[in-house]
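In: quick one, structure for this:
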Amino acid sequence: MRNSIPVILLFSLVCFLSSIISILCEPNTLGVCNEKEKHALLRFKQAISDPANLLSSWSMDEDCCRWEAVRCSNVTGRVVELQLGNPYDSDYDFYTNFTLGGEISPALLELEFLSYLNLSWNDFEGRPIPSFLGSMGSLRYLDLSEAGFGGVVPHQLGNLSTIHHLDLGYNSGLDVDNLDWISHLSFLKYLNMDGVDLHREVHSLESMSMIPSLSELHLSGCRLDRSMVSSLGYANFTSLTVLDLSWNDFNNQFKGQISESFGQLKYLESLDLGLNSFHGPIPTSIGNLSSLRSLFIEENPLINSTLPTSLGLLSNLEHLLVGGTSLTGNISEVHFTTLLKLKVLTIYETSLSFHVNSNWTPPFQLEYLEADSCKMGLKFPAWLKTQNSLSDLFLSSSGIVDTTPKWFWKWASSIQQIHLSDNKISGNLSQVVLNNTILDLSSNCFSGRLSLLSSNVVVLNIANNSFSGQIFPLICRKTGGRSKLEVLDISNNALSGELSDYWMHWPSLTHINLGSNNLSGEIPNSMGSLVALNALSLQNNSLYGDIPSSLQNCKVLGLISLSDNKFSGIIPRWIVERTTLLVIDLRSNKFMGTIPRCLNNISSMAAGPNGDDFNVFEAAYDYESYMESLILNIKGRDSEYKKILQYVRMIDLSSNNLSGSIPVEIFSLSGLLSLNLSHNHLMGMISVEIGGMEYLESLDLSRNNLSGEIPQSMANLTFLYDLNLSYNNLSGRIPSSTQIQTFSPLSFFGNVELCGAPLPKSCPRDEEEKT
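Out: From the prediction side, this is the model:
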């Protein structure tokens with residue numbers, strides 16, 4: 001009995017401790033929400049706009065500690081956290097539907113134990129940050145980033161004496177007139193002022209350097225100027241581990257040399273100076289930053305600068321980005337002496353040249369290499385085969401003139417992206433199974449039959465090579481698993497044969513370019529199964545027959561180029577009813593009949609060119625994109641359109657056998673940039689409605705049977721750069737305007753009854769006035 005008493009006491013003690021631990025570790029289940037704080041939160045909710053009803057759980061009937069986005073102390077039941085950041089901040093399609101807005105009520109002041117407040121990724125429509133937030137003395141974490149705040153950052157935030165984390169990044173025009181208050185935040189560890197205009201506060205870096213605990217500082221896009229660069233020399237960032245000064249090249253202000261004083265920031269782990277206007281060399285003192293893991297200096301001029309060999313001392317460096325600069329000189333083994341941890345290397349668009357021994361084995365294992373336009377030498381880099389962790393390889397325009405080595409394709413089979421375009425690399429790929437997600441071998445010297453594709457390939461661009469043989473093995477061969485292929489560009493090769501009727505095996509295709517080959521036969525009906533197709537380019541082949549009606553199933557088609565073939569029949573009505581089309585190129589075929597009259601249904605051509613239709617001409621991916629490229633006859637000459645193709649709105653039906661009048665509906669397409677109906681058998685008058693085509697730059701109606709006068713409304717076409725109305729039956733006086741009289745007389749030749757400038761033939765009334 002005597003021995004049982006201690007056991008009972010021990011058991012009671014264990015039960016007591018268990019209950020205490022349970023209270024401390026489990027969510028508050030006691031329903032002890034503070035009534036005063038509940039009412040304060042409800043007043044806050046009343047002032048907030050919440051279109052998605054995210055705060056529907058906030059009601060009088062529920063314990064506020066159980067409300068969505070609210071966390072209470074497990075011991076006291078007092079509100080300590082409000083997590084009101086947009087839950088879909090990384091997905092823009094959902095983000096805009098779930099934003100909070102409206103007024104932020106000062107009722108928050110009654111939450112006297114609130115230590116964490118997150119309002120990020122909402123939209124407060126340019127309202128100023130409430131100054132009363134500076135009176136919330138318990139706050140340790142305040143995130144107001146991407147929330148649509150505007151105006152001057154309130155200096156009252158300097159009263160948050162216990163704040164550890166302050167994020168004001170990327171709002172709607174925040175600026176600062178004085179930053180003296182920032183030095184009062186003596187416990188601040190993280191400060192993000194990305195996008196806040198600091199150009200009026202020339203001592204901003206000095207003020208921030210007075211915070212002894214500051215370890216992470218983000219000042220991207222803050223309009224910092226050159227005077228702030230010099231202040232780095234005496235800024236005392238003793239604890240700084242992350243410093244981001246990128247994107248400060250507003251009005252070319254943040255320039256000069258990169259300060260040697262950066263080498264004094266001995267605890268620095270990440271330094272971002274990218275997208276500025278630094279001209280001077282990369283300081284050798286960077287080699288002193290023994291803790292540095294990431295160095296970003298991309299997109300700076302760095303004129304006449306070389307890559308310092310002291311970078312080879314950064315034994316912890318994982319990310320080195322110096323692309324888009326004017327760096328010159330050689331890269332040798334010395335630059336990588338101790339870089340055992342290097343994972344990402346970008347040296348694209350520089351004048352650097354790789355000079356390493358052919359048997360060099362790098363100390364690192366790269367995961368990402370971007371060296372486009374960096375000279376790698378004539379031979380294929382042998383050291384690449386030692387890189388077994390590489391997932392992305394960019395070596396376009398790198399000066400390689402070589403055959404792919406035997407080891408390459410087996411080694412490359414696990415790489416996600418390979419970009420080798422614009423070199424002189426050769427090799428026969430007939431027996432290679434391509435397995436890369438994105439593969440760009442365009443503009444090289446590859447030859448042989450088309451390669452086999454695995455179902456993993458998403459983008460295949462082998463344009464401008466010397467591939468030959470039949471196309472049908474590629475189209476007909478069903479790969480294992482469902483194909484993921486979205487982009488197929490095999491244009492400008494020597495491929496032959498018919499387009500077999502097996503396109504249903506490639507349901508993900510969005511861009512097809514088979515132009516400039518030796519293809520024959522008809523467009524198969526199965527192409528109509530490609531419902532996601534944005535662009536179809538079959539130009540410059542020997543294809544014939546009608547345009548199949550099945551293509552009208554391609555509801556998002558924005559570009560169709562069938563020029564320079566032998567297509568016949570009528571232009572199907574569905575083409576001019578497709579509201580998404582931006583480019584219709586059917587020139588140099590054998591189409592007959594009249595032009596369909598419902599052209600005004602092409603709503604995408606009714607608006608001016610704004611370049612927003614990227615998805616039609618571009619397929620974007622993680623680090624790169626595929627851009628459509630077309631040879632178009634605009635302004636009287638063939639030109640390649642690629643980067644500016646997104647601004648093109650064009651209809652070219654020239655060199656066919658079309659007859660009848662020009663539908664007046666075509667002149668309602670006010671966003672059209674180029675219209676070419678030349679070399680047909682069109683008749684009738686040019687409608688006065690043509691004057692509404694305000695963006696028109698090129699108009700060719702030559703070599704038809706058009707009659708009547710040129711409408712005076714053409715004088716309204718102020719953007720018109722190229723005009724050809726020659727060889728018709730037009731008559732009367734050429735309209736008078738500053739624009740029209742600048743064109744060559746050749747634009748009007750072959751119209752016997754036309755008169756007036758710029759033709760040398762005077763009009764009868766002019767002759768009468770002379771006499």
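In: contacts and neighbour counts: CA atoms only from here.
Out: Will do.
In: can you confirm residue 631 is in a helix?
Out: No: read with DSSP: H, G, I helix; E, B strand; the rest coil, residue 631 is strand and lies in no helix.
In: what number of residues lie near it?
Out: By the criterion of other Cα atoms under 10 Å, residue 631 has 14 neighbours.
In: pull the contacting residues for it.
Out: By Cα atoms under 8 Å, 6 or more residues apart in numbering, the contact list for residue 631 reads 638-641.
In: among those residues, which are located in strands?
Out: Counting by DSSP state E, these place 638-641 in strands.
In: picking that back up, list only buried entries from the contacts of residue 631.
Out: Buried members of the contacts of residue 631, scored by 16 or more other Cα atoms under 10 Å, are residue 641.
In: pick the one among the contacts of residue 631 closest to residue 551.
Out: Residue 551 lies nearest to residue 641 out of the contacts of residue 631, by Cα to Cα, at 24.5 Å.
In: the closest one against residue 629, yeah?
Out: Yes: proximity of residue 641 to residue 629 meets the contact threshold set by Cα atoms under 8 Å, at 5.6 Å.
In: hang on, the earlier thing: turn the contacts of residue 631 into TSV, columns for distance to residue 309 and pLDDT.
Out: Shown next, in TSV, are the contacts of residue 631 (distance: Cα to Cα, whole Å; pLDDT from 0 to 100):
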residue	distance to residue 309	pLDDT
638	48	76
639	45	75
640	42	77
641	42	74
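In: what is the nearest of the contacts of residue 631 to residue 63?
Out: Distance to residue 63, by Cα to Cα, is smallest for residue 641 among the contacts of residue 631, at 62.8 Å.
In: what separation do you get for the closest one and residue 607?
Out: Computed with Cα to Cα, to the nearest Å, the distance linking residue 641 and residue 607 is 20 Å.
In: correct me if wrong: residue 421 contacts residue 397.
Out: Yes: with contact defined as Cα under 8 Å, residue 421 reaches residue 397; the gap is 6.4 Å.
In: for the chain, which segments are assigned as helices?
Out: Using DSSP state H, the helices of the chain run over 4-25, 35-47, 92-95, 204-209, 226-231, 408-412, 472-476, 614-617, 764-770.
In: OK, contacts around the spatially most central residue of the chain?
Out: Centroid-nearest residue in the chain: residue 620, 6.9 Å away (criterion: Cα atoms, centre = their mean). Listed by Cα under 8 Å, 6+ apart, the contact set of residue 620 reads residue 626.
In: now it: how far from residue 486?
Out: Note on residue 620: its distance to residue 486, by Cα to Cα, is 11 Å.
In: do residue 304 as well
Out: The gap separating residue 304 from residue 486 is 42 Å, by Cα to Cα.
In: okay, the two: which has more neighbours?
Out: Legend: neighbour count by other Cα under 10 Å for residue 304 and residue 486, higher for residue 486 (20 against 14).
In: please tell me how far that one sits from residue 725.
Out: Distance of residue 486 to residue 725, given as Cα to Cα: 41 Å.
In: before we move on, what about residue 193?
Out: Counting by Cα to Cα - residue 193 and residue 725 are separated by 59 Å.
In: okay, and the beta partners of the residue nearest to the centre of the chain?
Out: For residue 620, the beta-bridge partners are residue 625 (DSSP bridges).
In: wouldn't residue 446 be in contact with residue 426 here?
Out: Yes: counting by Cα under 8 Å, residue 446 touches residue 426, with 4.5 Å between them.
In: now do the contacts for residue 528.
Out: Applying Cα under 8 Å, 6+ apart, the residues near residue 528 are 549-554.
In: farthest pair in these?
Out: Going by Cα to Cα, the pair spanning these furthest: 549 and 554, at 10.3 Å.
In: and the residue nearest to residue 596 when sequence neighbours are not counted, how far is that from residue 436?
Out: In space, residue 596 comes closest to residue 573 once its chain neighbours are excluded; the distance is 5.9 Å by Cα to Cα, 6 or more residues apart in numbering. Applying Cα to Cα, the value for residue 573 to residue 436 is 40 Å.
In: so where's the stretch 151-300 of the chain shaky on pLDDT?
Out: Judged by pLDDT under 70, the stretch 151-300 of the chain has its weakly predicted residues at 227-235, 250-255.
In: the strands in it, which residues?
Out: Ranges of strands within the stretch 151-300 of the chain are 151-152, 165-167, 174-175, 190-192, 216-218, 242-244, 255-256, 270-272, 277-278, 294-296, based on DSSP state E, counting those that start in this stretch.
In: and the second one, how far from the chain's centre?
Out: In other words, strand 165-167. Mean-position distance between strand 165-167 and its chain equals 28 Å (Cα atoms, centre = their mean, to the nearest Å).
In: give me the phi and psi for residue 719.
Out: Residue 719 has phi and psi values of phi -90, psi 0 when expressed as degrees, to the nearest 10.
In: give me the pLDDT for it.
Out: Looking at residue 719, its pLDDT stands at 92.
In: what's it in contact with, if anything?
Out: 694-697.
In: strands of the stretch 651-771 of the chain, residue ranges please.
Out: Assigned by DSSP E, counting those that start in this stretch, the strands in the stretch 651-771 of the chain fall at 657-661, 674-676, 681-684, 698-700, 705-709, 722-724, 729-733, 753-755.
In: so which of the ones you listed gets nearest residue 238?
Out: It's strand 674-676; of those, that one is closest to residue 238 (Cα to Cα) at 61.2 Å.
In: give me the contact list for the closest one.
Out: Contacts with strand 674-676, where a contact means Cα under 8 Å, 6+ apart, come from 634-635, 648-654, 696-701.
In: still on that earlier bit, by neighbour count, which of the contacts of residue 528 wins?
Out: Of those, with other Cα under 10 Å as the count, residue 551 tops at 21 neighbours.
In: what about it, distance to residue 588?
Out: Counting by Cα to Cα, the gap from residue 551 to residue 588 is 20 Å.
In: for residue 216, give the beta-bridge partners.
Out: Note on residue 216: beta-bridge partners residue 190, residue 242, judged by DSSP bridges.
In: tell me how far it lies from residue 54.
Out: 32 Å.
In: next one: stretch 713-728 to chain centre, how far?
Out: The chain centroid and the centroid of stretch 713-728 are separated by 36 Å, computed with Cα atoms, centre = their mean.
In: what comes up buried for that stretch?
Out: Within stretch 713-728, the residues scored as buried using 16+ other Cα under 10 Å are 713-718, 720, 722-728.
In: low-confidence stretches in the stretch 351-500 of the chain?
Out: When residues are selected by pLDDT under 70, those of the stretch 351-500 of the chain lie in 478-480.
In: all strands of it, in order?
Out: 351-354, 368-370, 392-394, 417-419, 426-428, 433-434, 438-440, 445-448, 452-453, 459-461, 466-470, 487-489, 494-498.
In: any idea which of those strands gets closest to residue 661?
Out: Taking Cα to Cα, strand 494-498 is the member of the strands of the stretch 351-500 of the chain nearest to residue 661, at 35.5 Å.
In: okay, the angle between that closest one and strand 466-470?
Out: Counting by axes from the mean of the first three to the mean of the last three Cα atoms, to 10 degrees, strand 494-498 lies at 20 degrees to strand 466-470.
In: name the surrounding residues that touch strand 494-498.
Out: By Cα under 8 Å, 6+ apart, strand 494-498 touches 466-472, 517-522.
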